[in-house]
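Asks: show me how the following folds:
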Amino acid sequence: MPAPAFVAKLNEQIANEFAASQQYIAVAIYYDDETLPRLASFFYSQAIEERNHAMMMVKYLLDADEEAVIPAVAGPRNGFADIVEPVAVALAQERKVTSQIEGLAKVARENGDFQSEQFIQWFLKEQVEEVATMSDLLRTVERSRQNPMWAEEYLAREHGTPESEDPTAPTAAGGTL
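Replies: Here you go, the predicted structure:
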């Protein structure tokens, strides 16, 4: 059974993941409204990914016969000054999520909760990729501020093909979209 402290923190993280999903939807809508379809699509996909992370956490709690709490989340930030600001918000969010996931790993370890520690390892690995992706995208949109089509071209080139599913990823409650 997961340590009670881990269960409480994981339920908090479920809220954080859903909030991240909502923020990415707001970013995607901003780019959609700016007629930047690649940036919009990228962030719509990120929103689904964050939602699925929350659902992986829900599934873990259900499998462990623990209560999964689906909380209300604060509304996302809407409206941005330029094409750079949404990506800067996304990178800050990914860095914050990394810290939160590290906190979950710490709680699991401190409580001798080996199953939860093993579960959270995948998310630690995932956050390295997420921060790197957003860092690269931020540098790209900064250079593309005056010509957003350069950012669109970058995404077409670097993120144009869908990623294959990670076979080591935890299963999400209800499956993935």
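
Asks: could you list the low-confidence segments of the chain?
Replies: Regions of the chain meeting the criterion pLDDT under 70 cover residues 176-177.

Asks: most remote residue from the middle of the chain, which is it?
Replies: The C-alpha centroid of the chain is most remote from Gln146, which lies 27.8 Å away (C-alpha atoms, centre = their mean).

Asks: in the helix or strand containing Val58, which residues are buried?
Replies: Element membership for Val58, per DSSP states H and E: helix 37-63. Under the neighbour-count criterion of 16 or more other C-beta atoms under 10 Å, helix 37-63 has 38-40, 42-44, 46-47, 49-61 buried. All C-beta spots, glycine's among them, are computed from the backbone N, C-alpha and C.

Asks: list the buried residues in the helix or strand following it.
Replies: Sequence-wise, the next helix or strand downstream of helix 37-63 (DSSP H and E) is helix 84-110. Within helix 84-110, the residues scored as buried using 16+ other C-beta under 10 Å are 84, 86-91, 93-94, 97-98, 100-101, 104-105, 107-108.

Asks: rewinding a little: SS state for the residue farthest from the centre of the chain?
Replies: Counting by DSSP: H, G, I helix; E, B strand; the rest coil, the backbone at Gln146 sits in coil.

Asks: now swap in the one 5 residues further on and tell me
Replies: Three states are possible here, and by three-state DSSP the one that applies to Ala151 is helix.

Asks: so which strand or helix has Asp32?
Replies: Residue-wise, Asp32 maps onto helix 4-33 under DSSP H and E.
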